[in-house]
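# no sequence on this one, just coordinates:
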Ligand SMILES: C[C@](O)(CO)[C@H](O)COP(=O)(O)OP(=O)(O)OC[C@H]1O[C@@H](n2ccc(N)nc2=O)[C@H](O)[C@@H]1O
Ligand SMILES: Nc1ncnc2c1ncn2[C@@H]1O[C@H](COP(=O)(O)OP(=O)(O)OP(=O)(O)O)[C@@H](O)[C@H]1O
């Protein structure tokens, strides 16, 4: 038997850090949503008790370092499953981009294996399993739009934001999430994004307020490490995006645009100097 799952990319519309915790993680408040750019996973049952990962993308690990492998191993161990699975990852989300590609693959694996092996695991429990794999995984299990707190695992579902075009541009650099959080001094953050304004914009469907409420306290850290990310953000702003922000710890920068003609202009303009550019819609 085979099952298929889509693993969409996430963007952070708002990312605030409150303080550094005793366990080394940061207490966050984030508004996250999904975009229509997704990896596709095919999961096929194997009679032999093993996990095999393949992918057309040559640049991701296919062993136990792969988050889909880790998700399959976790679910097998926790629910005493003595069957195997072959997982093919059709990667479309750029890797190490701040778009939670690996986390979304892990979440899709949990959802898919729950179906493939008829385990009947409730969504809440799948999200708890996800938290063992990474801070972004519970949100990727749940999908939609959410307010996240804790280290990212406490989730409150939100309505969909007003629909718009999302231009994603990833400069050719790899950013380490651990390094970016490591350089952040939470007590010295000068400007915290207004989460109440972001929530109001979503609940009232006001695109202008949403664009004005975008904010990510990790931006300045990544900009200092990689000035080209700031330049990319400035370019998107100059080209006329209605709102611009770096996603997660970067390096992907996204622009929100209400008009198709403007989105097309920005997309074409960026393609001149940035290889990885996408024009997608929010997953509402
Ligand atoms: C930047 C975001 O992607 C925004 O959604 C997330 O906060 C990070 O999510 P993630 O990549 O799933 O993160 P994890 O794999 O759990 O953690 C990677 C590293 O980031 C740091 N980390 C992560 C989450 C958090 N709330 N505080 C942290 O300090 C920790 O040093 C951790 O070792
Ligand atoms: N299934 C996977 N897809 C992509 N990368 C993976 C996967 N499994 C493990 N990795 C490794 O994880 C690292 C981070 O990749 P990923 O694409 O998940 O980053 P990200 O989008 O920055 O994540 P986040 O936004 O959650 O911080 C890469 O260095 C990659 O080698």
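Okay, I see it. Note that the coordinates shown come from a computational prediction; the quantities given were computed from them, not determined experimentally. Ligands and ions are numbered 1, 2, ... in the order given.

# can I assume residue 152 is in contact with residue 139?
Yes - the pair residue 152 / residue 139 is scored as a contact, 6.7 Å apart, by C-beta atoms under 8 Å. Heads up, the C-betas are built off the backbone N, CA and C, glycines and all.

# residue 9 falls within a helix, correct?
No - counting by DSSP: H, G, I helix; E, B strand; the rest coil, residue 9 is not part of a helix but strand.

# how deep is it tucked in, by neighbour count?
Using other C-beta atoms under 10 Å, the number of residues around residue 9 comes to 29.

# quick check: bridge partners of it?
Beta-bridge partners for residue 9, by DSSP bridges, are residue 35.

# look up how far ligand 2 lies from it.
According to C-beta to the nearest ligand atom, to the nearest Å, residue 9 stands 8 Å off from ligand 2.

# equivalent analysis for residue 62, please.
Going from residue 62 to ligand 2 by C-beta to the nearest ligand atom gives 9 Å.

# what helix or strand is the closest residue to ligand 2 within the chain on?
Using C-beta to the nearest ligand atom, the closest approach of the chain to ligand 2 is made by residue 102 at 2.6 Å. Using DSSP states H and E, residue 102 maps to helix 101-116.

# can you tell me the average pLDDT over that helix?
What helix 101-116 shows for mean pLDDT is 98.

# can you pull the pLDDT of residue 84?
98.

# quick one: residues contacting the closest residue to it other than its chain neighbours.
Spatial nearest neighbour of residue 84, chain neighbours left out: residue 46 (3.5 Å); criterion: C-beta to C-beta, 6 or more residues apart in numbering. Contact partners of residue 46, counting by C-beta atoms under 8 Å, 6 or more residues apart in numbering, are 52, 83, 84, 85, 86.

# contacts for stretch 74-85, please.
So stretch 74-85 is in contact with 43-52, 72, 109-110, 113-114, 116-117, 119, 121, 129, 132-133, going by C-beta under 8 Å, 6+ apart.

# again, 6 Å this time
If you take C-beta atoms under 6 Å, 6 or more residues apart in numbering as the criterion, stretch 74-85 is touched by 43, 45, 46, 48, 49, 50, 51, 72, 113, 117, 119, 129.

# pull out the buried positions in it.
Across stretch 74-85, burial judged by 16 or more other C-beta atoms under 10 Å covers 74, 75, 76, 81, 84, 85.
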